[in-house]
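Trainee: Need a 3D model of the sequence below.
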Amino acid sequence: AGLVAHGADAVRINCAHDGPYEWARMVGNVRAAEARLGWRVPILMDIAGPKVRTGYVLTPPDRTRVFVGDLVLLGREVTPALPETPFQMTCTAPEALDRLAVGNQVSIDDGKVQGRITGTVDGGFLVRIEHARLGGVKLKSEKGLNFPDADLGLDPLTDKDREDLGFIVEHADFVGYSFVRTGAQVAMLQAELAARTPNWRRLGLVGKIETPAAVRNLPEILVQAAGEQPFAVMIARGDLAVEMGFERVAEMQEEMLWLCEAAHVPVIWATQVLEDLIRQGLPSRGEMTDAAMAARAECVLLNKGPNVDAAVGVLDRLLRRMAAHQFKKTPTLRALASWQERPPAP
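Mentor: As a prediction, the model looks like this:
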């Protein structure tokens, strides 16, 4: 109720975490808040999609951090007998390794470590680290593993996702589609929804744009999705930055905003919005400007954290003020008030 009272218009449940028991309690809390406050609060439930992560990690006894220039062996299993590659790791989706080749890019831990495959050894791939924090980065298990320029051939709908859809069609107002890349994959999810409820067209669909392929194919995704049911696009800037490079995110964001506006499809602005405020209680200057620019989208997604109630209130007030200056991507050119003539002080 606190989130809604502070200005939240909708609530997201991430099906990558917890299970039906916990989700049912979350839904119950939202419906109770609705009854108490007197208005509807839609629920978005994200299906997790395929997650490729680091598996077992081997590091030398005297050093746990990798730096620019280091070599990391990525394979199906670690081989301690290879002293020339003291840094090694496996992948939680070993079948993805069959789609890799020398020259492919590799990103580890949400882009904190980036490199390129330079060779092969013992059935694995040698990854030369090209970008990392100046102080190095610890290699850890269960961290995100991305291959931006490789087609891994992974089905965006996992067995778990198909199982979770049964709960989603009963309780959610929107389903979030993670790692969707093509219009055909949208049609595949729509067929799964139709198999579970005759009213599937009333369920909103949110396409999470997280990969270069999804950006390229966004027009066909828009046509397939919006032609069948309510549809919105989520610009998932976290994975998109990892996949396309941090320098390209702002540019791609602008182009997607223009395309969606032309198609009359609403946009959700996501990832690290007001993150310092949510986690630490004070925002950075840059994230306040980023949040203000989010007014060009129809919806802004905030992550959870100890100060999220206050962050919702800050964002609500900020977006209300920005609405006087901007409608979507078009300035309103309203009269400026900051330099109005004031009577002299007594």
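
Trainee: which stretches of the stretch 101-250 of the chain form strands?
Mentor: For the stretch 101-250 of the chain, the strands defined by DSSP state E, counting those that start in this stretch cover 105-108, 113-121, 124-132, 137-138, 145-146, 174-177, 204-209, 231-236.

Trainee: Present those strands as TSV; the columns should include distance to residue 195 and mean pLDDT.
Mentor: The way it works is simple: take the backbone N, C-alpha and C, and place the C-beta from them, glycine included. Compiled in TSV, the strands of the stretch 101-250 of the chain are given as follows (distance: least, C-beta to C-beta, whole Å; pLDDT from 0 to 100):
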stretch	distance to residue 195	mean pLDDT
strand 105-108	35	95
strand 113-121	40	95
strand 124-132	39	96
strand 137-138	44	94
strand 145-146	31	94
strand 174-177	14	97
strand 204-209	15	97
strand 231-236	19	96
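
Trainee: Tabulate those in CSV, adding columns for distance to residue 339.
Mentor: CSV is the format used below for the strands of the stretch 101-250 of the chain (distance: least, C-beta to C-beta, whole Å):
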stretch, distance to residue 339
strand 105-108, 47
strand 113-121, 46
strand 124-132, 44
strand 137-138, 47
strand 145-146, 48
strand 174-177, 43
strand 204-209, 40
strand 231-236, 34
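
Trainee: will you turn the ones you listed into JSON lines that also has distance to residue 167 and mean neighbour count?
Mentor: Below are the strands of the stretch 101-250 of the chain laid out as JSON lines (distance: least, C-beta to C-beta, whole Å; neighbours: other C-beta atoms under 10 Å):
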{"stretch": "strand 105-108", "distance to residue 167": "32", "mean neighbour count": "22"}
{"stretch": "strand 113-121", "distance to residue 167": "36", "mean neighbour count": "18"}
{"stretch": "strand 124-132", "distance to residue 167": "38", "mean neighbour count": "20"}
{"stretch": "strand 137-138", "distance to residue 167": "36", "mean neighbour count": "16"}
{"stretch": "strand 145-146", "distance to residue 167": "28", "mean neighbour count": "21"}
{"stretch": "strand 174-177", "distance to residue 167": "11", "mean neighbour count": "25"}
{"stretch": "strand 204-209", "distance to residue 167": "16", "mean neighbour count": "24"}
{"stretch": "strand 231-236", "distance to residue 167": "20", "mean neighbour count": "24"}
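
Trainee: among these, which is nearest residue 341?
Mentor: Closest to residue 341 of these, according to C-beta to C-beta: strand 231-236, at 41.3 Å.

Trainee: what's next to stretch 97-110, contact-wise?
Mentor: For stretch 97-110, contacts defined as C-beta atoms under 8 Å, 6 or more residues apart in numbering pick out 54, 74-76, 91, 113-120, 124-125, 127, 137, 139-140, 143-153, 238, 242-243.

Trainee: Ok, which of the strands of the stretch 101-250 of the chain comes nearest residue 12?
Mentor: Residue 12 sits nearest to strand 174-177 of all these, at 7.4 Å, using C-beta to C-beta.

Trainee: Just give me how far the closest one sits from the chain centre.
Mentor: 13 Å (C-alpha atoms, centre = their mean, to the nearest Å).

Trainee: Same check on stretch 114-128?
Mentor: Centroid displacement of stretch 114-128 relative to its chain, using C-alpha atoms, centre = their mean, is 27 Å.

Trainee: can you tell me which residues contact the spatially most central residue of the chain?
Mentor: In the chain, the residue lying closest to the centroid (C-alpha atoms, centre = their mean) is residue 236, at 3.6 Å. By C-beta under 8 Å, 6+ apart, the contact set of residue 236 is 208-210, 270-271.

Trainee: of those, closest to residue 81?
Mentor: The nearest member of those to residue 81, counting by C-beta to C-beta, is residue 210 at 37.9 Å.
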